[in-house]
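Participant: Based on what follows, work out the 3D shape:
(one chain, ligands or ions: 1)
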Amino acid sequence: MAAAPTAPAGHRSDFDVIVVGAGIMGSCAAHAAASRGARALLLERFDLLHGLGSSHGDSRIIRDAYAKARYVPMVRLARRLWADAEAESGYRVLTPAPQLTFGPRDSASLLAAVRNAGAEEVDLATRWGGAFRVPDGWVTAVSEHGGGVLNATKAVAMFQALAVKKGAAVRDNAEVVGIEKGAEGGVVVRTSGGEVFRGAKCVVTVGAWASKLLRSVAGVELPIQPLHTLILYWRVKPGRERELTAKAGFPTFSSSGDPPVYGTPSLELPGLIKISCDGGPPCDPDNRNWDAGDKEVTERVARWIEEAMPGHLDAAGGPVIRQSCICSMTPDADFVIDFLGGDFGEDVVVGAGFSGHGFKMGPAVGRFLAEMAIDGKSKTAAEAGVELGCYRINRFDGNPMGNDANKDY
Ligand SMILES: Cc1cc2nc3c(=O)[nH]c(=O)nc-3n(C[C@H](O)[C@H](O)[C@H](O)COP(=O)(O)OP(=O)(O)OC[C@H]3O[C@@H](n4cnc5c(N)ncnc54)[C@H](O)[C@@H]3O)c2cc1C
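Facilitator: Down below sits the predicted model:
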């Protein structure tokens, strides 16, 4: 086992690594740090497993069809780490599925996603009982083992339980309001309840609150815009319920047409299927307008269903269940994984801006963040061929769009 970081001489730290924010990223980072033998503390502002951030709910897609090739090795690593965590905990959180990717043939990012996944053209007239109807000439490609559904809240709980098993302390209802440099090195973390924790290092994974917290504690401006995003469940037409299940081999899917729609097989709620649309209106995570834009989004998805899956789903009755979530968007939809820098140097590591596609990567990102805090760099990323340079904060210096203006990941 590699050594945990040691505090500078004369400095007393209560913890080696303090992780702020217990969504999927913070929970995975705390587990990864504790697994290295570090004394880890995970602090969460609300109740554990609350529904106010980005990591709650019953399902998230894992898929290898990524237009940006840089994410492919990260997904592969994450898949391996999901399996390791399932084996370590005895929980099952990932249900494998094929991944169906479809959209107009002139979409360069769609073609790149298909290529990067090694997906193969499939005849939608015959596959999956002809459930999908798409315009002639569209690309319809399947990656047979590339998809899957992650049980989101259960997965977060799994990593929190594993972190505790490895010796981490977990505290909820502990809102961090201050992160300061320790007088003798390390970091001092303060909560709104007046508690003070000293750590050699701090990992900040506060989701939609990242810009606010880092502005207030370090004066750093991160271009991360929270969006109010809807999760919608629709009723499967009577007699079709079994065909659309994960058990029957129904895929996770994403359509890059207009609107950009994604869905998961019927799994967590029998007789219902999750089909939603990317994006949503900007929001303030502390002052939510809970039904902003909902009517427009549900109408767009209902229209898509009527055109693309008319024989199988009942769109006319509207969605049966609506849940709210937040996507924390960067201008290029790429993650932020970096040291905070400035006065904090490498003492504070930031994981933020997961732009609506981070959940699947949680175990990989958590490992990177923990290794950056403990070792100053991530050996796991290097070994997996994940280039972390493109997730640095300074990509936005004098360059508001960051890596590129193409948000299609
Ligand atoms: C509708 C929707 C669908 C999605 N679908 C997919 C998908 O299919 N596949 C996929 O890979 N990804 C998907 N995502 C994205 C994914 O869910 C997120 O990228 C991921 O959950 C982000 O996790 P996080 O830990 O960064 O943020 P969060 O889960 O929000 O965690 C941050 C935590 O920090 C806490 N916190 C905030 N401030 C403080 C403070 N001051 N002190 C202490 N704690 C604090 C918050 O309370 C919160 O618990 C989706 C997101 C949404 C909204």
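
Participant: surely Ile224 meets Leu213?
Facilitator: No. Look at Ile224 against Leu213 with CB atoms under 8 Å: they stay out of range, at 10.8 Å. For glycine as for every other residue, the C-beta is placed from the backbone atoms N, C-alpha and C.

Participant: who has more neighbours, those two?
Facilitator: Leu213 (24 against 21; other CB atoms under 10 Å).

Participant: If I follow the layout properly, that one ends up in contact with Val206?
Facilitator: Yes. At 5.3 Å, Leu213 and Val206 qualify as touching, with contact defined as CB under 8 Å.

Participant: which residues are common contacts for the two?
Facilitator: Val20, Val176 (CB atoms under 8 Å, 6 or more residues apart in numbering).

Participant: near the ligand, which residues of the stretch 51-200 of the chain?
Facilitator: Within reach of the ligand by CB under 6 Å from any ligand atom, the stretch 51-200 of the chain has these residues: Gly53, Ser54, Ser55, Arg60, Ile61, Glu175, Val176.

Participant: which residues does the fifth one bridge with?
Facilitator: Following DSSP bridges, Ile61 is listed with bridge partners Val149.

Participant: residues touching the closest residue to the ligand within the stretch 201-350 of the chain, list them.
Facilitator: As assessed by CB to the nearest ligand atom, the ligand sits closest to Gly207 within the stretch 201-350 of the chain, at 2.5 Å. Residues near Gly207 by CB under 8 Å, 6+ apart: Gly21, Gly23, Met25, Gly53, Ser54, Ser55, Pro285, Ile326, Ser328, Ala352, Phe354.

Participant: Spit out the contact partners of the closest residue to the last one other than its chain neighbours.
Facilitator: Leaving out its chain neighbours, the residue that sits closest to Phe354 by CB to CB, 6 or more residues apart in numbering is Phe335, at 5.6 Å. With contacts taken as CB under 8 Å, 6+ apart, Phe335 has the following neighbours: Gly351, Ala352, Gly353, Phe354, Ser355, Gly358, Met361, Val365, Tyr391.

Participant: Okay, buried residues for whichever strand or helix holds Glu383 please.
Facilitator: Assigned by DSSP states H and E, Glu383 belongs to helix 379-384. Using 16 or more other CB atoms under 10 Å as the burial criterion, the residues of helix 379-384 that qualify are Thr380, Ala381, Ala384.

Participant: One more: stretch 144-159?
Facilitator: 144, 146-153, 155-159.

Participant: Could you point out which of the residues you listed is nearest to Ile231?
Facilitator: Ala152 (10.0 Å; CB to CB).

Participant: Could you measure from the closest residue to Arg60 other than its chain neighbours over to the ligand?
Facilitator: Nearest residue to Arg60, sequence neighbours excluded (CB to CB, 6+ apart): Phe359, at 4.0 Å. Distance of Phe359 to the ligand, computed by CB to the nearest ligand atom, to the nearest Å: 3 Å.

Participant: Touching, Met309 and Ala131? I think so.
Facilitator: Yes. Contact criterion CB under 8 Å: Met309 and Ala131 qualify, at 5.7 Å.

Participant: From the neighbour counts alone, determine which of those two ranks first.
Facilitator: Using other CB under 10 Å as the criterion, Met309 and Ala131 rank with Met309 on top: 26 against 21.

Participant: And Pro73, what's its pLDDT?
Facilitator: Predicted confidence (pLDDT) at Pro73: the value is 97.

Participant: State the number of residues packed around the closest residue in space to it that isn't next to it in sequence.
Facilitator: Among residues not flanking Pro73 along the chain, Gly385 sits closest, at 4.3 Å (CB to CB, 6+ apart). Applying other CB under 10 Å, we find 12 residues neighbouring Gly385.

Participant: what's the pLDDT at the residue nearest to Tyr71 when sequence neighbours are not counted?
Facilitator: Distances taken as CB to CB, 6+ apart put Tyr409 closest to Tyr71, at 6.5 Å, once the chain neighbours are dropped. For Tyr409, the pLDDT comes out at 76.

Participant: Now for the residue nearest to Thr191 when sequence neighbours are not counted: which residues touch it?
Facilitator: Closest residue in space to Thr191, ignoring its immediate chain neighbours: Ala174 at 4.8 Å, by CB to CB, 6+ apart. Residues in contact with Ala174, defined by CB under 8 Å, 6+ apart, are Leu43, Glu44, Arg45, Thr191, Gly193, Glu195.

Participant: Ala174 falls within a helix, correct?
Facilitator: No. Using DSSP: H, G, I helix; E, B strand; the rest coil, the assignment for Ala174 is coil, not a helix.

Participant: From Leu162, how far out is it?
Facilitator: 20 Å (CB to CB, to the nearest Å).

Participant: now the residues of the stretch 51-200 of the chain next to the ligand as CSV including pLDDT?
Facilitator: Shown next, in CSV, are these (pLDDT from 0 to 100):
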residue, pLDDT
Gly53, 98
Ser54, 98
Ser55, 98
Arg60, 98
Ile61, 98
Glu175, 98
Val176, 98
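
Participant: can you map out the helices along the stretch 251-400 of the chain?
Facilitator: 294-308, 362-375, 379-384 (DSSP state H, counting those that start in this stretch).

Participant: Counting by contacts, list what the second one packs against.
Facilitator: Helix 362-375 makes packing contacts with strand 15-20, helix 24-35, helix 72-89, helix 152-165, strand 196-204, strand 336-339, strand 348-352, helix 379-384 when contacts are defined by 3 or more CB pairs under 8 Å, 6 or more residues apart in numbering; DSSP states H and E.

Participant: picking up where we left off before, including pLDDT, could the buried residues of stretch 144-159 go into TSV?
Facilitator: Formatted as TSV, those follow (pLDDT from 0 to 100):
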residue	pLDDT
Glu144	94
Gly146	88
Gly147	93
Gly148	97
Val149	98
Leu150	98
Asn151	98
Ala152	98
Thr153	98
Ala155	98
Val156	98
Ala157	98
Met158	98
Phe159	98
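
Participant: Out of the residues you listed, the closest to Tyr262 would be?
Facilitator: Gly147 (10.6 Å).
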